[in-house]
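Student: Model the following, please.
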Amino acid sequence: MHLISLPNKQLHCGNKILDLSRPQVMGILNVTPDSFSDGGKHHHIDNAIEHAEQMIRDGATIIDIGGESTRPGADAVLLDAELERVIPVVQALAKYDVVLSIDTSQPEVMQQAVQSGAHIWNDVRALSREGALEMAAHLNIPVVLMHMRGEPTTMNQLASYQHVTNEVLIELRQRIDCALQVGIKAERIIVDPGFGFAKNTVHNLQLLDELWQLHQLGYPILSALSRKRFIGAVTEQTEAMDRAVGSVAGHLLSIQQGASIVRAHDVRATVDAIRVWEAMKSWPHWE
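Tutor: Residues are numbered from 1 along each chain as shown. Alright, predicted model coming up:
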């Protein structure tokens, strides 16, 4: 295991700052009827706000709001439907002392979300939709570029690699170059290897073991493996809700390799695990 310190870096998110030298927990808020783990549970705004409040109390410093399911085989969502799901939640949560991330590939959704108080663009398609790069440059906000091949309907057929980590590095570097070319600032970029997206269990495990290699890119790393299918395959847990322990273990392995942000369904468990890890690192000074 390669133990790597987190970067001494601050991420400016509007009037809020994230210290990426300490692990930050991004709580998942799916406002969709069909997400793989919790689809439909937070589809109504009151339930969504209640769940976000609980994740903030549990220690999440970022809330990631998503209005489109990107599980394997998921259908595309119309723009109006995504806006209707996401924007009222952003407006309601903008008053809280938390960074708001939007899990979307739609430039129009991100534009309206920022106008409503959002801070980070988290894009599973790495700003590949028409107009997305230009919109990100215009908005001048932090962006998460995630590795994926194809679309949710086709990605499982594209999970073919000679060496998954090397190819993820190459393909992420291509998206980073595109971002820089349109004027997105380097200090705004975060990279995500895309666990579970166009990758089978073996690919995901190799990528987790070699996550430290993503530091070659020179950008903060987000690890998003919460409750993913490969966690279930390893732990023999068929139900996504039963994969919390395996997810926490994967996130700690990610942090030990220098991941600054972990994206989690089980915020309380993740925060507690990180606290033990931080206490272990500082035990000579513990009082």
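
Student: longest strand in the protein, by residue count?
Tutor: strand 24-30 (DSSP state E).

Student: heading toward the C-terminus, what's the first helix or strand past it?
Tutor: Going down the chain from strand 24-30, the next helix or strand is helix 45-58, by DSSP states H and E.

Student: Going along the chain, name the helices of the chain.
Tutor: Counting by DSSP state H, one finds helices in the chain at the ranges 45-58, 79-93, 107-116, 132-139, 164-181, 201-209, 229-235, 244-256, 267-281.

Student: Nearest to residue 33, out of those helices?
Tutor: Closest of the helices of the chain to residue 33 is helix 79-93, at 9.0 Å (criterion: Cβ to Cβ). Quick note: C-beta positions are derived from backbone N, CA and C, even for glycine.

Student: rewinding a little: and the helices of the chain as a markdown table, adding distance to residue 151, mean pLDDT and mean neighbour count?
Tutor: Formatted as a markdown table, the helices of the chain follow (distance: least, Cβ to Cβ, whole Å; pLDDT from 0 to 100; neighbours: other Cβ atoms under 10 Å):
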| stretch | distance to residue 151 | mean pLDDT | mean neighbour count |
| --- | --- | --- | --- |
| helix 45-58 | 26 | 95 | 16 |
| helix 79-93 | 15 | 95 | 18 |
| helix 107-116 | 17 | 98 | 20 |
| helix 132-139 | 14 | 98 | 20 |
| helix 164-181 | 15 | 98 | 17 |
| helix 201-209 | 18 | 98 | 19 |
| helix 229-235 | 17 | 97 | 19 |
| helix 244-256 | 25 | 97 | 21 |
| helix 267-281 | 29 | 95 | 16 |
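
Student: Distance to residue 23 for these - can I get that in TSV?
Tutor: Below are those laid out as TSV (distance: least, Cβ to Cβ, whole Å):
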stretch	distance to residue 23
helix 45-58	14
helix 79-93	22
helix 107-116	25
helix 132-139	25
helix 164-181	21
helix 201-209	16
helix 229-235	19
helix 244-256	5
helix 267-281	5
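
Student: mind checking which of the ones you listed is nearest residue 147?
Tutor: Checking these against residue 147 by Cβ to Cβ gives helix 164-181 as the closest, at 4.9 Å.

Student: quick one: that closest one to helix 201-209, angle?
Tutor: Relative orientation of helix 164-181 and helix 201-209, computed by axes from the mean of the first three to the mean of the last three Cα atoms, to 10 degrees: 70 degrees.

Student: Give me the angle between helix 164-181 and helix 132-139.
Tutor: Per the same axes, to 10 degrees, the angle that helix 164-181 makes with helix 132-139 is 50 degrees.

Student: Give me the distance between residue 178 and residue 90.
Tutor: Note on residue 178: its distance to residue 90, by Cβ to Cβ, to the nearest Å, is 27 Å.

Student: Could you report the neighbour count for the residue nearest to residue 118 when sequence neighbours are not counted?
Tutor: Once flanking residues are discounted, residue 118 sits nearest to residue 100: 4.5 Å by Cβ to Cβ, 6 or more residues apart in numbering. Taking other Cβ atoms under 10 Å as the criterion, the count of residues near residue 100 is 25.

Student: And the pLDDT at residue 100?
Tutor: Note on residue 100: pLDDT of 98.

Student: repeat for residue 30
Tutor: 93.

Student: Just list the residues touching the closest residue to residue 107 other than its chain neighbours, thanks.
Tutor: For residue 107, ignoring the flanking residues on the chain, the nearest one in space by Cβ to Cβ, 6+ apart is residue 135 at 3.8 Å. Contacts for residue 135 (Cβ atoms under 8 Å, 6 or more residues apart in numbering) come out as 107, 110, 111.

Student: Could you rerun that using 10 Å?
Tutor: The neighbourhood of residue 135, defined by Cβ atoms under 10 Å, 6 or more residues apart in numbering, consists of 106-111, 114, 121, 127, 129, 141, 143, 182.

Student: can the residues you listed go into JSON lines with extra columns for distance to residue 28?
Tutor: Listed next are those as JSON lines, based on distance: Cβ to Cβ, whole Å:
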{"residue": "106", "distance to residue 28": "19"}
{"residue": "107", "distance to residue 28": "22"}
{"residue": "108", "distance to residue 28": "23"}
{"residue": "109", "distance to residue 28": "17"}
{"residue": "110", "distance to residue 28": "18"}
{"residue": "111", "distance to residue 28": "22"}
{"residue": "114", "distance to residue 28": "20"}
{"residue": "121", "distance to residue 28": "16"}
{"residue": "127", "distance to residue 28": "21"}
{"residue": "129", "distance to residue 28": "22"}
{"residue": "141", "distance to residue 28": "20"}
{"residue": "143", "distance to residue 28": "18"}
{"residue": "182", "distance to residue 28": "29"}
